[in-house]
Every structure is written in structure tokens, then in C-alpha cells.
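Undergrad: Pasting the sequence and the predicted coordinates here, then a few questions.
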Amino acid sequence: MKGSKVAERPAHVPRGLARTGPVLFSYGFRPFFLGAALWAIVAMTLWITALAGPIELGGSYGAANWHAHEMLFGFAPAVLAGFLLTAVPNWTGRLPVSGRPLAGLFALWCAGRVALLLPEVLGLPTAAAIDSLFLPALLFICAREVIAGRKWKDLKVLGGLLALSLANACFHVTVIEGEYAQVAMRLGISAYVVLIIIVGGRILPSFTRNWLNRSGRTDFPAPYNRFDTIAILIGIGALFAWTLVPNHPITAVAALGAALFHIARLARWRGWATWPEMLLVVLHVAYGFVPLGFAAIAFSALGVVEERAVMHILTVGAIASMMLAVMTRASRGHTGHPLTASRTTVTSYASIVIAGLLRPFAEMFPEQTATLYAASGAFWILAFALFCAEYGPILVRKRRSIS
């Protein structure tokens, strides 16, 4: 069966685990997880420095726009690419993209980072156009694999990639026109949260059940059923309303309903039962920011919470925490390391969660804004610096032996 699938592929598209060349490009998670972590450190350091005044960041793109873009459409897509280029082959049974094609895709992501960091070199429209190529390229690769593998149920994941591609393009157009890209930011954040509630709803109960089973326990998470479908649909509806009409009463009602459903959904997965293993606990903690974010959307629609606080609950709390959790687990699992969190890994988890809790308070306590910016940024940098220190050598040097 596998041989027939390989034979069906066009000969000019090389795939498979690269056995020669740099280990870094032998599998999708390696370059993109490491690149994302390094860029998370660099981008946040530049942003904090720019806030203090010594440097001007982003040129004509604007420092605030550059920061928002590089978190949503620079750092996060790299983690998403690393996850999808590793997960999609598992879903479809097809060989992963690796070697030169993978290196080329990673180079395209890097080109976007350089172009937007120095937009005056090529001109702002050209820099934006270069950056806009990566997400559609990733979408094409994943769509090709899902369709070729006939895994039609996984097409819904591609909807998130399509939304991100559109949000990124809209972000650039809005900034070039001299306006604030709020709608594009909300669309991008919503796309990531939808991916979390869909993919997270697949991996959290599965990983939890497997761990409990190995521990000889039978208090398993509730299996996927109609409740999960309803929770996902209500969540998508609330995010759709927030994207288009963030201050409307219907947004408040939908978001409050989504918060309640996703609290119940998280409880059904019995995350507390995994407490001894932080590699699992952090997945449940990260997902906990999803209903917290929905609640914040509801209160923001009622005028109680600032929208920027909502955005940071979802971006730093839900998205970045979940991404760091997935990065550590996938890096260990796909390099033959034990699926257990070291002290360094646990410290990185604590750091990103603290960053996610601190950052929204900057809008709530204006007199402490500078301090909270610096503190949350420092914890963010610490989280990803610890990831680089522990997992960098694994991603660059460790090749899993294949019998």
C-alpha cells in the first residue's frame, strides 16, 4: 500500500525523511519550531527596546503594527507550519516534506521576517508581498497532502490556514493604507483559536486517555460526541461575531455561551488527573485560556474590558501557551525522547503562563503599564530562551533512528 502511494506522487516533488544533509531539514518541526522560538526572543526583545525608546522599529510599517504582525503572522505561523508539516503526514499516511523543499519553505518564512524588519530596503509594498507568500505556500502543501491522502475530514483545518492567509494580506493592505488593522488582527486571532478548539479537541483527550491507560487507570476523558460539535460551532460563531462586530450585544451573548460550553468541554477531559505529568497538564492549562478569552470578549462587548486585553489573553495565554506545549511534546516525541517534562521545560511553561496572565493587566492598570509590559515580555523571552537551550541541540543534532 505504501509503495503504491509513493509511486503515485510526481517524481519532481521529493518527499520523505531526508537521510542526508542537515538534520535540521529532515522533518518539518525541526526548522520551524527552532526558528519560531528564536524569532519569539528576537522580536520581543526588539519590541521592548523600542518601547524604551533607543530604537525605531518597523520603519514606515510602524512599530506597533510590526509587533502585532510579527507575533500573529511571523512567530505563530512558523509554529503552525512545524506542527502541520509533522501532523499531516501522520493523518494522511503520506511521506513528509523534507530536505531541499523544506529548506526552501523555511527560507521563504525567513525572507518575510527580514523584509518586514527592513521594509525601506525593498519598499513597503514589496516587503508586504514577500511576507504574504508563506501562508499560501503552506496552505498549498497541506491541501495537496490532505486531498491526495483523501482525508476529507481534515479539510476543516485548512480553513484556518485560509483565514490566516486572508487576515495577513488584509493586515498589510490596511497598514499600507494608513489605518489600524483591528479587523485583520481579530480574524487572525480567531483563526488560531478555531484551530485550537478543533485540533486541541482531538489531541488533548487522546493524549490524556493514553497516559491514564498506561498508568493503569480507567477514569478516561469523555469521548468526542455531539456536545463537542456544539461547543465548536458556538465558539466559531462567537469568534465570527467578535471579528465583525466586537461591541455588539449579540457578541457578548455568544461569547458568554461559548465560555460556558468550553469550560464544560475542558472539564470533560479530566486534565486534573494528569497532574503528575506537566507535559500533559500544560495542554489543559493552555486550553483554559480559551474560555477565559471568550469571557473577556463578552465583557469587552459590554464595555468592561479593553479589547487589547482580550487580544493578549488569547494570543499570549491561549495561542502561545498551546504552541509552546505542542512544540515541547512534538520535539520530544519525534526525536525518541521520553514524553515527560524536565524542570527546564516546566519552567518554560510557567513563564509563558505568567506572561499570559500579566500582559492583559497592562490595559486594566494604566499606571503600571510600562512595568507590566517589561515583566510580561521578560517572561515571554525566558519561556522561549529555555526552549532553545533545551530543545535547540535536539532539533539540530538528534536524528531519531528508524528501523
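TA: Yep, it's here. Everything numeric here is computed off the predicted structure, so don't read it as measured data.

Undergrad: ok, how many other residues are close to Phe140?
TA: 12 (other CB atoms under 10 Å). (C-beta placed from N, C-alpha, C; glycine too.)

Undergrad: next one: Ala40
TA: Neighbour tally, Ala40, other CB under 10 Å: 28.

Undergrad: likewise the one 3 residues further on?
TA: When neighbours are defined as other CB under 10 Å, Ala43 has 23 of them.

Undergrad: for this structure, which helix is longest?
TA: The single longest helix within the chain, with elements called by DSSP state H, is helix 182-214.

Undergrad: mind listing what's buried in that helix?
TA: Of all the residues in helix 182-214, those buried under the rule 16 or more other CB atoms under 10 Å are 182-201, 203-205, 207-209, 211-212.

Undergrad: now for it, which elements pack on it?
TA: helix 76-92, helix 155-176, helix 226-244, helix 249-268, helix 278-301, helix 307-312, helix 321-333 (3 or more CB pairs under 8 Å, 6 or more residues apart in numbering; DSSP states H and E).

Undergrad: pLDDT (mean, whole number) over the third one?
TA: Throughout helix 226-244, pLDDT has a mean value of 97.

Undergrad: Touching that helix from outside, list them.
TA: 183, 186-187, 190, 193-194, 197-198, 201, 248, 250-251, 254-255, 257-258, 261-262, 264-265, 268, 290, 294, 297, 301 (CB atoms under 8 Å, 6 or more residues apart in numbering).

Undergrad: What is the strand or helix carrying Thr371 packed up against?
TA: Assessed by DSSP states H and E, Thr371 sits inside helix 369-397. Here helix 369-397 touches helix 29-52, helix 321-333, helix 343-358, helix 361-364, going by 3+ CB pairs under 8 Å, 6+ apart.

Undergrad: so Glu390 sits right up against Val346, yeah?
TA: No: between Glu390 and Val346 there is no contact under CB atoms under 8 Å: 10.8 Å.

Undergrad: quick revisit: can you say which of the helices and strands packed on helix 182-214 is nearest to Thr49?
TA: For Thr49, the closest of those is helix 307-312, at 19.3 Å, according to CB to CB.

Undergrad: CA atoms only for stretch 154-165 - export them in PDB, please.
TA: This file holds the C-alpha atoms of stretch 154-165, laid out as PDB (Å, rounded to 0.1, in the frame of the first residue of the first chain):
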ATOM      1  CA  ASP A 154      -9.000  17.300   7.800                       C
ATOM      2  CA  LEU A 155     -10.000  19.900   5.300                       C
ATOM      3  CA  LYS A 156     -11.500  21.900   8.100                       C
ATOM      4  CA  VAL A 157      -8.000  22.500   9.400                       C
ATOM      5  CA  LEU A 158      -7.200  24.100   6.000                       C
ATOM      6  CA  GLY A 159     -10.000  26.600   6.600                       C
ATOM      7  CA  GLY A 160      -8.000  28.000   9.400                       C
ATOM      8  CA  LEU A 161      -4.900  28.400   7.200                       C
ATOM      9  CA  LEU A 162      -7.000  30.100   4.500                       C
ATOM     10  CA  ALA A 163      -8.400  32.500   7.100                       C
ATOM     11  CA  LEU A 164      -4.900  33.300   8.300                       C
ATOM     12  CA  SER A 165      -3.700  33.900   4.700                       C
END
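
Undergrad: So for that stretch, what gets flagged as buried?
TA: Judged by neighbour count (16+ other CB under 10 Å), stretch 154-165 contains these buried residues: 154, 157-158, 160-161, 163-165.

Undergrad: which residues sit against it?
TA: 73, 77, 80, 84, 88, 91-92, 132, 135-136, 138-139, 142-143, 146, 187-188, 190-192, 194-195, 198-199.

Undergrad: Now the phi/psi pair for Ala181, please.
TA: phi -90, psi 50 (degrees, to the nearest 10).

Undergrad: How many neighbouring residues does it have?
TA: The tally of other residues near Ala181 (other CB under 10 Å) stands at 23.

Undergrad: What's the separation between it and Trp66?
TA: From Ala181 across to Trp66, the span is 12 Å (CB to CB, to the nearest Å).

Undergrad: which residues touch Tyr391?
TA: By CB under 8 Å, 6+ apart, Tyr391 lies in contact with 33-34, 37, 327-328, 331.

Undergrad: Neighbour-wise, which one of those leads?
TA: That'd be Phe33 among the contacts of Tyr391, by other CB under 10 Å, with 30 neighbours.

Undergrad: residue ranges with poor pLDDT in the chain?
TA: Scanning the chain for pLDDT under 70 picks out 1-21, 398-403.

Undergrad: how is it carved up into domains?
TA: Following the assignment in automatic domain parsing, the chain carries domains at 22-180, 189-398.

Undergrad: Can you check the distance spanned by the shortest one, start to finish?
TA: It stands for domain 22-180. End-to-end distance of domain 22-180 (CA to CA, to the nearest Å): 42 Å.

Undergrad: gap between that domain and the chain center?
TA: Remark: domain 22-180 is offset 11 Å from the chain centroid, using CA atoms, centre = their mean, to the nearest Å.
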